[in-house]
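Asker: model this:
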Amino acid sequence: MNDTPDPAVVARRIAERREQLGLGEEALAHRASMAPRYLRCLLEAGPSFDPGGFVRIAAALDSTPEELVSGRADAPPGQGGPGPRPRLLDLTEQECWQLVGDHGIGRIALPVEPGPVVLPVNYVVDRGSFAYRTGEHGAASPEEGAAVSFQVDHIDEYLGRGWSVLALGPAHYVDDPVELERLAGLPGAAPWAGGDRPRWVRIRPEEVSGRQLVTG
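Answerer: The predicted structure follows:
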């Protein structure tokens, strides 16, 4: 458990969980075998004020202390809610490339029927382009020359901050053996999904844009 959890963040998670279960504050206090006034005091002070009492609260919510302090490890982004005084700032193209780094996980959006499909892939950045591996006829295999979009983002759950970068451009397959060997040696080139993924797809963006969410 975090040694210094933010009492306000923990109290918000407890309130959200309580509402999910349809429990009022007094009902939660009764389940946790404590007076409602003491429950409010504990929520204001934080888990370190009474670790045993906090364990009882977690049990009353069919949860764990770790989940209430840090959130679900497998939960989708955005569980923590917005930070104080959020603002969206536009990023320059240079800032976008700096944020996406030399490799990571992104999402490729493909124009297929009956509607666009968005799939996660692990990418490498190579000479002003994004590249990723896919199967011969895999779900992430675009038509040669198809106009696609590629998105990379990051969210800081605790601070309510983050950024998102969007690249637009055509997708082409890499066929040159020298290029294929070089791409395979780049950091992050191994496909996370495993299996036989011999085809490299390169997206050389015609447009790169991004936004950053800041708080405070």
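Asker: check which residues of the longest helix seen in the chain are buried.
Answerer: Counting by DSSP state H, the longest helix found in the chain is helix 7-20. Of the residues in helix 7-20, 7, 9, 10, 11, 13, 14, 17, 18 count as buried by neighbour count, 16 or more other CB atoms under 10 Å. C-beta coordinates here come from the backbone N, C-alpha and C atoms, glycine included.
Asker: and those residues, which is closest to residue 153?
Answerer: Among the buried residues of helix 7-20, residue 9 lies closest to residue 153 (CB to CB), at 21.7 Å.
Asker: distance of the closest one from residue 47?
Answerer: With distances taken as CB to CB, to the nearest Å, residue 9 is found 11 Å from residue 47.
Asker: phi, psi of the residue nearest the centre of the chain?
Answerer: Taking CA atoms, centre = their mean as the criterion, residue 77 is the residue nearest the geometric centre of the chain, at 4.9 Å. Torsion angles at residue 77 (phi, psi; degrees, to the nearest 10) stand at phi -60, psi 150.
Asker: next one: residue 94
Answerer: Dihedral pair for residue 94: phi -60, psi -40, per degrees, to the nearest 10.
Asker: mind listing the strands for this structure?
Answerer: Per DSSP state E, the chain carries strands over the ranges 87-91, 103-110, 117-125, 130-134, 147-156, 161-174, 199-203, 207-214.
Asker: among these, which is the most enclosed?
Answerer: Of these, the one with the most neighbours on average (mean count of other CB atoms under 10 Å) is strand 130-134, at a mean of 25.
Asker: ok, residues contacting that strand?
Answerer: Contacts of strand 130-134 with the rest of the structure, by CB atoms under 8 Å, 6 or more residues apart in numbering, involve 100, 106, 108, 121-125, 140-141, 150, 167, 174, 183, 189, 191, 197-203, 205.
Asker: averaged pLDDT, that strand. What do you get?
Answerer: Strand 130-134 shows a mean pLDDT of 96.
Asker: can you check what angle separates that strand from strand 117-125?
Answerer: 120 degrees (axes from the mean of the first three to the mean of the last three CA atoms, to 10 degrees).
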